[in-house]
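Student: 3D model of this:
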Amino acid sequence: MRKLFLIGFLLLICTGLCACNNNLETLPKPEVTSGIRGEEFGIDKNINEETIDDYLNREDSVYRDMRMLKDPGNYEAIGGDSYLSGFVKGFEVVPYPLIVNVTNLPEEVGDSYTGDTLYTYEDDKYTANYEESLEILEYFFPKDKNIFLMCGGGGYAGQMKNMLVALGWDENKIYNVGGYWYYDGDNNVEVKKENKDGSTSYDFWRVTYHDIDFDNLHEVKA
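Tutor: Numbers count the residues shown, from 1 in each chain. The predicted structure is shown next:
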């Protein structure tokens, strides 16, 4: 009986180790896909909306959705959604427009958020606006982890990767996995809700959302 118990115990340990090893299998090196998705947005060829379900729940990775809960830009004009209507389970929201001023939006979208930001991007240079800017960036995007970035269509995620790489992050640990608008996997968390009276509402309480309190930060003096 004792021998059978020990065998069963060892099997449980081996099963746990195998599950852990499977979860931490080597990731493919980031590789930009072909066509407009790669050229304009920098979406990854191997880890994207179609495959992200295979790479969730990794202990060596963080998952960041770069959208706002409600973006001032008119993303409906390009077939998207200005609201954060849903997200992939495991992703936490860190709004890109609060990190740095948004540039290069499609003309149809108009202006996005134009308020305070951690950084200002101008003349191909990122300048910190607050003493805590880099500390906050390193907290949300730890350098010792793989970083999976997503947004609505892939643009904010691509720009966030460009920014991190420019500021010294390892480009081989950052993946632009594309846009939630094109996700059709098994880990969809719906935020948009159609009510019985025909109206639409949004269950933002479902979202792990990281706001930035600029009032408690210290501006960098010129």
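Student: alpha carbons of stretch 111-128, in CSV - could you do that?
Tutor: Presented in CSV, the C-alpha positions along stretch 111-128 are these (Å, rounded to 0.1, in the frame of the first residue of the first chain):
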residue,chain,number,x,y,z
ASP,A,111,-8.1,63.1,-32.5
SER,A,112,-7.6,60.7,-29.6
TYR,A,113,-7.0,61.7,-26.0
THR,A,114,-5.0,65.0,-25.7
GLY,A,115,-4.6,65.3,-21.9
ASP,A,116,-1.6,64.6,-19.6
THR,A,117,0.8,61.8,-20.6
LEU,A,118,3.8,60.2,-18.9
TYR,A,119,6.0,61.0,-22.0
THR,A,120,6.0,63.3,-25.0
TYR,A,121,7.0,61.9,-28.4
GLU,A,122,8.5,64.5,-30.7
ASP,A,123,11.2,64.4,-33.4
ASP,A,124,11.7,60.6,-32.9
LYS,A,125,12.5,61.1,-29.2
TYR,A,126,10.6,60.2,-26.0
THR,A,127,10.8,62.7,-23.2
ALA,A,128,9.6,62.0,-19.7
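Student: list the contacts for residue 75?
Tutor: 81, 82, 109, 152, 153 (Cβ atoms under 8 Å, 6 or more residues apart in numbering). For glycine as for every other residue, the C-beta is placed from the backbone atoms N, C-alpha and C.
Student: may I see the PyMOL selection of the buried members of those?
Tutor: Of the contacts of residue 75, the buried ones can be selected in PyMOL as follows, counting by 16 or more other Cβ atoms under 10 Å:
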select buried, resi 81+82+109+152+153
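Student: need the contacts of residue 75 in a markdown table with distance to residue 119, can you?
Tutor: Shown next, in a markdown table, are the contacts of residue 75 (distance: Cβ to Cβ, whole Å):
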| residue | distance to residue 119 |
| --- | --- |
| 81 | 26 |
| 82 | 23 |
| 109 | 21 |
| 152 | 21 |
| 153 | 22 |
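Student: out of the contacts of residue 75, which comes closest to residue 180?
Tutor: residue 152 (5.9 Å; Cβ to Cβ).
Student: show me the contacts for that closest one.
Tutor: Applying Cβ under 8 Å, 6+ apart to residue 152 gives the contacts 67, 75, 80, 81, 179, 180, 181.
Student: number of nearby residues for the closest residue in space to residue 187 that isn't next to it in sequence?
Tutor: The shortest distance from residue 187 to any non-neighbouring residue, by Cβ to Cβ, 6 or more residues apart in numbering, is to residue 89 (3.9 Å). The number of residues packed near residue 89 is 15, by other Cβ atoms under 10 Å.
Student: over to residue 190?
Tutor: Using other Cβ under 10 Å, residue 190 has 11 neighbouring residues.
Student: where does the chain dip in pLDDT?
Tutor: 1-24 (pLDDT under 70).
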